[in-house]
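In: From the sequence below, what's the structure:
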Amino acid sequence: MKCWRVYMRRNFMRYLDGELDALSEKRMENHLMDCGWCRSRLARLREGQRLARQIPSLRPVRDRWDEIQAAVESGQSPSEAQESHRPRVLRPGAAIAITAAAFLVALLGMIASKDSSVGGGGASFDTSMFQSVEIADIPSNTSPHVVTEGYVSELRLDPDGDMTFRLVEDINRPDPFIVCEIIKSISLPPPAIGSRVRVYGVSRFDGQPDRQWHEVHPVLNIEVVRR
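Out: Okay, here's the model as predicted:
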């Protein structure tokens, strides 16, 4: 069902760019935990933003201002000067490349939207959108969607109905770890403590003073590797 909280939608890009104040950011995250429609829309924006950063910047081969200034100083008419620096029409190949890039961004955005709405895995869950990251390497990760593997060291039920568990590389060592959160609106069975699982979800950092840890929040899918 579509979300009608326009204020939230207007602040999606500010949230992604880290421009919201602490209170507004907390309100946004609380809303996203309960609103699947907004999570889906935010996932599309995040994926489009990531792809846009990967598109190489194009610069003009040379600056034509010196030619324009010389033409004006030589007495060339304004219409002739304007004609000399009028932008050229894109060649067919360049136009096709730009159109293809725009289509790719839109297509992957729709795929991201579909994936973000999947809660219980199954045949429709597309794992190709997730970047594999080791638990120890999560601080240097830049991918919004990650898959990581480890042992479940503890599990707790939060007052709001969400479930949180810690994922560690070695069941006998508390560090390094990642905090994984299964939100109530995404129905996933909790993993057993001590089991080794593969976790798919959204990577983020919780910078609150009493936390300062990396998270997979929300968890979108869990696969048991071995017990």
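
In: so how far is residue 49 from the closest residue to residue 182 other than its chain neighbours?
Out: In space, and not counting its chain neighbours, residue 182 is closest to residue 163: 4.4 Å by C-beta to C-beta, 6 or more residues apart in numbering. No exception for glycine: its C-beta is placed from N, CA and C like everyone else's. Counting by C-beta to C-beta, to the nearest Å, the gap from residue 163 to residue 49 is 29 Å.

In: okay, those two: which has more neighbours?
Out: Between residue 163 and residue 49, counting by other C-beta atoms under 10 Å, residue 163 is the more crowded of the two (18 against 15).

In: Which positions are bridged to that one in the beta structure?
Out: Counting by DSSP bridges, residue 163 forms beta bridges with residue 157, residue 182.

In: In contact with it, which residues?
Out: Contacts were defined as C-beta atoms under 8 Å, 6 or more residues apart in numbering; by that measure residue 163 touches 155, 156, 157, 181, 182, 190.

In: Buried among those? Make that a PyMOL selection.
Out: This is the PyMOL syntax for the buried subset of these, where burial follows 16 or more other C-beta atoms under 10 Å:
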select buried, resi 181+182
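
In: Between the contacts of residue 163, which sits nearest residue 203?
Out: Nearest to residue 203, judged by C-beta to C-beta, of the contacts of residue 163 is residue 181 at 12.0 Å.

In: my guess is the closest one meets residue 160, correct?
Out: No - shown here, residue 181 and residue 160 do not form a contact pair, counting by C-beta atoms under 8 Å, at 10.6 Å.

In: Would you agree residue 200 falls within a strand?
Out: Yes - counting by DSSP: H, G, I helix; E, B strand; the rest coil, residue 200 is part of a strand.

In: pLDDT score for it?
Out: Note on residue 200: pLDDT of 94.

In: What is the neighbour count of it?
Out: Using other C-beta under 10 Å, the number of residues around residue 200 comes to 22.

In: What's the separation between it and residue 146?
Out: Counting by C-beta to C-beta, the separation of residue 200 from residue 146 is 8 Å.

In: who touches both of these two?
Out: Common neighbours of residue 200 and residue 146, counting by C-beta under 8 Å, 6+ apart, are 130, 216.

In: Name the helix or strand of this structure that has the lowest mean pLDDT.
Out: helix 92-116 (a mean of 48; mean pLDDT, DSSP states H and E).
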